[in-house]
Structure formats: C-alpha cells, structure tokens
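just coords:
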C-alpha cells in the first residue's frame, strides 16, 4: 500500500514538473556552507534568517518534535536551542520573520496535517530570543508567546509554507496536497484576535509546496515544492496577489533529500536551503546566489 502511494506521489510530482518546464529558468550558483550534523537536527522543515544575529539562521524540526527552535550558524553548527514553554506542537512545518514597531519577531507554524483531519491549526508568535553567554539551551516563557488559531473556510488540509508581507504584515499560507497548491491569507496582526478564518486567494499551477519566503523588503517571493523553486519579482506598491498572478521564473535548483526549507538570506540576491535527514542521509545548509531578472 505504501509503495503504491509513493508511486502515485512521485508520478504526480513528475506531472507537475512537466507542466512547468516551459517557464524561464533563473541561473544560480550553489555553495555548500556546512553539514547539519547535530543529533537534534534530524528533520529540519523550516528556516529563516536571523535579524538579531546576522549570518545565523533559525530552524525547527518536523512532526514528532516538541515545541522548540534552534539557532544555527553560517556552517550549520548549533548555537542555541530554545524551548517554547506550554506549546504542544503537533506538526510544525514552517517559520517566518516579522518586524513590528522596530522589533524582530518569529512566527512558528504548526500547520501540518497529512491526513487532513485537524479541526484547527496554530501559529506561535514571539519576539526573536536572545542568547545568553554560556547557555546552549533556554526557554521562551509562555507569557511571551501569542497563540493564533486558524481555520480553513471549507475543510481541513495539509500545509507546509507560510510568509508575512513586510509591507502590510498580511499573513499568507500555501497548501501542500491540493491538486493545485492554494494560497490563503489572514490579517492576523491588524485585529489582534486569537482566531481567524483563512481566505482563499488563488491557486498555483503546481502542487506539493513545502516552503516559501518573501524578501526582507518585500520585492521578491520564492515558493518551493519537492523538486523545484519558483520565483516572482514584486514591486512593493503591488499587492502579493497581483504579483503571484504574474508568470513565475523557475530557479535552477539541485534536489535535496526531502528538502523542505528555504529562506532569503541577508545578502542581496541570495537564498538558503536545508533539508531533513531521511534514511540517515546527510543534510547540508546550501546558499544560492542568483541574478535578479
């Protein structure tokens, strides 16, 4: 049964790869920065560049882990681990950065739902933590974490990708297992409520989206599925929806073993990726430099 499911999945991914093969491809130069070999980093599913510690990255594990995040350096070595007090993580799948009133925040997305049975999904919002000298493990107090509950407008579904527009702070989520991965949004920072119903915005011409990110100034968007990376240039006066309705560019990308994490880097025209470690395979932090169209 599992082999049958895997065959169907691979065939689906292949079909959507063929559907997007005619898109213009953006060239890149890939560099392996370092191997993520710390025992705690077994199923990295999300990554975001740290604003407090330039050159470092916040990452987290997939389902099965507790509510925690890790700070790794530019060669993928562990700097610090932070436990989120009171957070009962189900399936954390992505992480995003938010700037609010001059301070840096992190949004952790517990949105995975392989069987599409969860009645609700959750986001955890907290200020980017500070490392303490000589401390490798620390805790973010429950009183410092805002929990945001999300519901889909129709039915439960699986998702692994989020980002927040730095221009207007609107939140976006992309579904994974729909025949066409679908973009949803919510104003989670404007109204400061505890619960929101997501709004369907558009469908992409591909499926199995595993991660996404937006540039620090909002002028570029990247979306990744298991085999490809898609890029949109965006004018900051243009809405996210208008930008994503335009044709995308495929980015030259080398497939990783279960690669589920991508983020723009601090350096111009640069993004990074990192993967899980399925079947004991190595996971590397890769940096991609691209030429903006």
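The structure has been received and is ready for your questions. None of these values were measured; they are calculated from a predicted model.

so where does residue 274 fall, helix or strand?
Per DSSP states H and E, residue 274 falls inside strand 270-275.

contacts for that strand next, please.
Strand 270-275 is contacted from outside by 33, 36, 44, 47, 49, 57, 59, 76, 213, 222, 224, 253, 256-265, 283-290, using Cβ atoms under 8 Å, 6 or more residues apart in numbering. For the C-beta atoms, the positions are set from N, CA and C on the backbone; glycine is no exception.

let's go with 6 Å and repeat that
Residues outside strand 270-275 that contact it (Cβ atoms under 6 Å, 6 or more residues apart in numbering): 44, 47, 256-259, 261-265, 283, 285-289.

give me the pLDDT value at the spatially closest residue to residue 177 that is not a sequence neighbour.
What sits nearest to residue 177 in space, not counting adjacent residues and going by Cβ to Cβ, 6 or more residues apart in numbering, is residue 158, at 4.6 Å. Note on residue 158: pLDDT of 98.

that older thread, are any of the contacts of strand 270-275 buried, and if so which?
Those of the contacts of strand 270-275 that meet the buried threshold are 44, 47, 256, 258-259, 261-265, 283, 285-288, by 16 or more other Cβ atoms under 10 Å.

between the residues you listed, which is closest to residue 241?
residue 264 (19.9 Å; Cβ to Cβ).

ok, residue 67 to residue 284 distance?
Distance, residue 67 to residue 284, by Cβ to Cβ, to the nearest Å: 26 Å.

what about residue 74, how many residues nearby?
15 (other Cβ atoms under 10 Å).

hmm, residue 55 and it touching each other?
Yes: when contacts are counted by Cβ atoms under 6 Å, residue 74 is listed as touching residue 55 (4.8 Å).

tell me which of the buried ones among the contacts of strand 270-275 is nearest to residue 177?
Nearest member of those to residue 177, counting by Cβ to Cβ, is residue 258, at 15.4 Å.

tell me the contacts of the closest one?
Applying Cβ under 6 Å, 6+ apart to residue 258 gives the contacts 275-276, 278.

again, only using 10 Å
With contact set as Cβ atoms under 10 Å, 6 or more residues apart in numbering, residue 258 has these partners: 43-45, 62, 210, 226, 275-279, 281, 283.

then residue 283?
35-37, 41-44, 76, 256-259, 261, 273-277 are the contacts of residue 283 under Cβ under 10 Å, 6+ apart.

let's verify the nearest residue to residue 183 once chain neighbours are set aside: helix, strand, or coil?
Spatial nearest neighbour of residue 183, chain neighbours left out: residue 201 (4.5 Å); criterion: Cβ to Cβ, 6+ apart. Following DSSP: H, G, I helix; E, B strand; the rest coil, we place residue 201 in the strand state.
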